[in-house]
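J.: Quick one, what's the 3D model for this:
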Amino acid sequence: METLSPHVLDLSCLLASIVMFTAYNIFIWQKLKSDPIYTIQGATDLARRAWVVTVMEEHDALLAVQTLRNSTMAATFMASTAVLLSVGVLSLTGQAENLSNTWHSLNIFGSTQQSTLALKLLVLLLNLFVAFFSFSSSIRLFNHVGFMINAPASEENAASSMTFVAMQLNRAASHFHFGMRAYYFLVPLVLWIFGPLLLLAGTVVMIGVVYSLDRAPEMRNDILKPFCSFLPKERPVDDSPDI
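T.: Predicted coordinates:
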């Protein structure tokens, strides 16, 4: 306990920040269950399903290759950026003693010990590793989809093939989305270096920014209505009385 006592405020603020950011993502996930086009992520999931059906029905291999190449390049760039940032954080660990006075100039209530700064850099590094593995998984799935979407399908299992390819494509997009979430959470963690209160303030501001980015346009019902046809249909309920 004596070892953790200097870090109580910093760890408490970190825990509160993680809880707030996780609670926001749970809120978005629950809204998507009741309204699939509540966010732009849900809308693009439907658009990707429609795109897979169009490409596989029309056998447009060139369109598939170009689109998946762009997605793979974007994920590769983000994964490479995560690696570079990780190397930058590792290089800062050797200069922490010289930079701690500058970084802690705004740290009024938090701990200014070297061990606290090392803890902050460690958490920052773990967050970047999560982003890297998320983007790497996204690249792997995009590559798989590139083969599956051009594979010939028989008439008996064409619908099943389209469904499976669409599921894998949306999985790749989900990994990319999770990596971007790690990048967004990077902002409060960087502010945490200058003080735990800035961590909480940065988390609140970032949640507001992310919500404005996640929310689908107000005219979404008119724009996205054609994509809703690709949602699974619910079986009608038979309300007729038993005889």
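J.: what's the distance between the residue nearest the centre of the chain and L141?
T.: In the chain, the C-alpha closest to the average C-alpha coordinate belongs to F178, at a distance of 2.1 Å (Cα atoms, centre = their mean). To L141, F178 is 12 Å away according to Cβ to Cβ, to the nearest Å. The C-beta positions use only the backbone N, C-alpha and C, and glycine is treated the same way.
J.: where does the protein dip in pLDDT?
T.: Judged by pLDDT under 70, the chain has its weakly predicted residues at 1-7, 94-114, 153-160, 218-243.
J.: Can you show me the helices along this protein?
T.: Per DSSP state H, the chain carries helices over the ranges 8-34, 40-58, 61-93, 96-103, 114-148, 158-192, 196-214, 220-223.
J.: from the middle of its chain, how far away would the second one be?
T.: Mean C-alpha position of helix 40-58 versus that of the full chain (Cα atoms, centre = their mean, to the nearest Å) differs by 19 Å.
J.: Could you quantify the relative orientation of it and helix 114-148 as an angle?
T.: 20 degrees (axes from the mean of the first three to the mean of the last three Cα atoms, to 10 degrees).
J.: got it, and the third one?
T.: Using the same axes, to 10 degrees, one finds that helix 61-93 and helix 114-148 are set 170 degrees apart in direction.
J.: same question, the first one
T.: Calculated by the same axes, to 10 degrees, helix 8-34 forms an angle of 20 degrees with helix 114-148.
J.: how far away is the closest residue to A16 other than its chain neighbours from V52?
T.: Excluding the flanking residues, the one nearest A16 by Cβ to Cβ, 6 or more residues apart in numbering is L200, at 6.3 Å. Distance, L200 to V52, using Cβ to Cβ: 42 Å.
J.: With adjacent residues omitted, what lies nearest to the residue nearest to the centre of the chain?
T.: Closest residue to F178 apart from its sequence neighbours, by Cβ to Cβ, 6+ apart: S134 at 4.6 Å.
J.: right, and the one you found touches A173 too?
T.: No. Under the criterion of Cβ atoms under 8 Å, S134 is not in contact with A173, lying 11.3 Å apart.
J.: the more surrounded of the two?
T.: Counted by other Cβ atoms under 10 Å, S134 and A173 do not tie: S134 has more neighbours, with 23 against 19.
J.: Looking at L200 and V52 now, which is surrounded by more residues?
T.: It is V52, of L200 and V52, that has more neighbours when counted by other Cβ under 10 Å, with 25 against 19.
J.: mind listing what the closest residue to the more buried one other than its chain neighbours touches?
T.: Excluding the flanking residues, the one nearest V52 by Cβ to Cβ, 6+ apart is A166, at 4.3 Å. Contacts for A166 (Cβ atoms under 8 Å, 6 or more residues apart in numbering) come out as 48-49, 52-53.
J.: Pipe those into a markdown table and attach distance to Q66 per row.
T.: Converted to a markdown table, these look like this (distance: Cβ to Cβ, whole Å):
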| residue | distance to Q66 |
| --- | --- |
| R48 | 15 |
| R49 | 19 |
| V52 | 15 |
| V53 | 18 |
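J.: Report the two of these separated the most.
T.: R48 and V53 (9.8 Å; Cβ to Cβ).
J.: Run through who's touching stretch 178-193.
T.: For stretch 178-193, using Cβ under 8 Å, 6+ apart, the contacting residues are 10, 13-14, 17, 21, 25, 75, 78-79, 82, 85, 103, 117, 120-121, 123-124, 127-128, 130-132, 134-135, 138, 198-203, 206, 209-210.
J.: Quick one: buried ones out of those residues?
T.: Among the contacts of stretch 178-193, the ones that count as buried by 16 or more other Cβ atoms under 10 Å are 10, 13-14, 17, 21, 75, 78-79, 82, 85, 103, 117, 120-121, 123-124, 127-128, 130-132, 134-135, 138, 198-200, 202-203, 206, 210.
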